[in-house]
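> Sequence plus the predicted model coming up.
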Amino acid sequence: MDTFAAECQALFDRYVQSYRAGDAAGCGSIYSEDAVLYSPYGPTAWGRAEIVALHEEWLREDASTKVIRVKSAFSTGADGVCVAVFAEHGQEEGVSFNLLRAVGSGAWEIVESSLNEI
């Protein structure tokens, strides 16, 4: 796994840790303030506050088995693209396509994310 893919995996690992803990704000922390999240599981969320609110709804269900695995990633240095597979309860459920922005040395935030069912 190259450096950017590893950084994306670390970002999603942080997300999964928050998700499993039922921490909607922690889940939202990987997104920029002006991020957009497109999802078949709810309405489009515009901005981090709406993304957190959407996660509050999602986290009402069992969240203990969530996993995310980076499949591919590419970065220009300031921006990046990452495709990841997500699963719950031992079954792959979908693929996320993510646009990211660098926010520091090795740190990234998601600016747009599209969740897609498999």
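Done, it's in. Numbering: from 1, shown residues only.

> The lengthiest helix in the chain: what's the following helix or strand?
Secondary structure of the chain read by DSSP state H shows that its longest helix is helix 3-20. Proceeding N to C from helix 3-20, the next assigned helix or strand is helix 24-28, under DSSP states H and E.

> which residues are in contact with that following helix?
For helix 24-28, the external contacting residues (Cβ atoms under 8 Å, 6 or more residues apart in numbering) are 14-15, 17-19, 48-49, 51-53, 55-56, 59. C-beta: built from backbone N, CA, C; applies to glycine.

> And it, what's buried?
By 16 or more other Cβ atoms under 10 Å, the buried positions in helix 24-28 come out as 24, 26-28.

> re earlier: let me have the contacts of helix 24-28 in TSV, extended by neighbour count.
Below are the contacts of helix 24-28 laid out as TSV (neighbours: other Cβ atoms under 10 Å):
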residue	neighbour count
14	14
15	23
17	13
18	21
19	24
48	20
49	11
51	25
52	18
53	15
55	24
56	14
59	18
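
> Relative to residue 99, which of those is nearest.
Residue 99 lies nearest to residue 51 out of the contacts of helix 24-28, by Cβ to Cβ, at 14.3 Å.

> From residue 6, how far out is that closest one?
Look at residue 51 and residue 6: by Cβ to Cβ, to the nearest Å, they are 24 Å apart.

> What of residue 73?
As judged by Cβ to Cβ, residue 73 and residue 6 stand 9 Å apart.

> that older thread, got the contacts of helix 24-28 as a markdown table, with distance to residue 93 and pLDDT columns?
Converted to a markdown table, the contacts of helix 24-28 look like this (distance: Cβ to Cβ, whole Å; pLDDT from 0 to 100):
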| residue | distance to residue 93 | pLDDT |
| --- | --- | --- |
| 14 | 20 | 97 |
| 15 | 15 | 98 |
| 17 | 19 | 97 |
| 18 | 18 | 97 |
| 19 | 13 | 96 |
| 48 | 23 | 98 |
| 49 | 25 | 98 |
| 51 | 18 | 98 |
| 52 | 21 | 98 |
| 53 | 21 | 97 |
| 55 | 16 | 96 |
| 56 | 19 | 97 |
| 59 | 16 | 94 |
